[in-house]
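**Q** The sequence isn't on hand, but the structure is:
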């Protein structure tokens, strides 16, 4: 029982100190980076629409959440969580979206974010189950590297023109 309480405390502390985690759907090798906030002992995140891409996860689905150190980026913990979708008519909607809006860095309009999420996005909570896949002292040697997913993102316009390129000079041989 002490190990479970310690694990829950470690998950909560890491989730509060970091803004990005990686979510892996069982059966997939690829991980999906997600920004999140920690609220009411759950990892809260929003995806779809203009927000971050994430596979379709429904109520009761299980995912693995990889958490890294904010200091050096090293993998610290991978835990299993159960997903629940927060719908606009749920009583938790206001509290969860308020926490997400407060932690979101670059929203166009804070006052309309929750309404836009209700129309175009999906708000989810991931509650830790207590099951740990990797923990400090018992991390896998897998590098977790993958090619980036295809995206429609492009540059905003033409790249800047370079007028004077730096001359590459050979160092004197002595």
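**A** Yes, it's here. Bear in mind the structure is a predicted one, so any value in this text is a computation, not a measurement.
**Q** give me every residue that touches the residue nearest the centre of the chain.
**A** The centroid of the chain falls nearest to residue 34 when counting by CA atoms, centre = their mean (1.8 Å). By CB atoms under 8 Å, 6 or more residues apart in numbering, the contact set of residue 34 is 20, 21, 22, 23, 45, 47, 52, 54. All C-beta spots, glycine's among them, are computed from the backbone N, C-alpha and C.
**Q** What's the first helix or strand after the worst-scoring helix or strand of the chain on mean pLDDT?
**A** Every helix and strand in the chain was compared by mean pLDDT, DSSP states H and E; the lowest is helix 2-17, with a mean of 82. Using DSSP states H and E, the helix or strand that follows helix 2-17 in sequence is strand 20-24.
**Q** quick one: contacts of that following strand?
**A** Contacts for strand 20-24 (CB under 8 Å, 6+ apart): 15, 30-36, 43, 45, 54, 63-68, 126, 144.
**Q** Off-centre distance for that strand?
**A** Offset of strand 20-24 from its chain centre (CA atoms, centre = their mean, to the nearest Å): 4 Å.
**Q** Give the residue spans of the chain that score low on pLDDT.
**A** 1-2, 135-144, 146, 149, 153-155, 174 (pLDDT under 70).
**Q** Could I get the full set of helices for it?
**A** Using DSSP state H, the helices of the chain run over 2-17, 93-103, 113-120.
**Q** closest to residue 167 out of these?
**A** helix 2-17 (46.1 Å; CB to CB).
**Q** Could you pull out the buried residues of that closest one?
**A** For helix 2-17, a neighbour-count test (16 or more other CB atoms under 10 Å) marks 7, 10, 11, 14, 15 as buried.
**Q** by contact count, what packs against that helix?
**A** Packing partners of helix 2-17 (3 or more CB pairs under 8 Å, 6 or more residues apart in numbering; DSSP states H and E): strand 37-39, strand 62-68, strand 75-86, strand 122-134.
**Q** Residue 4 and residue 131 touch, don't they?
**A** No. Using CB atoms under 8 Å, residue 4 is not in contact with residue 131; the gap is 9.7 Å.
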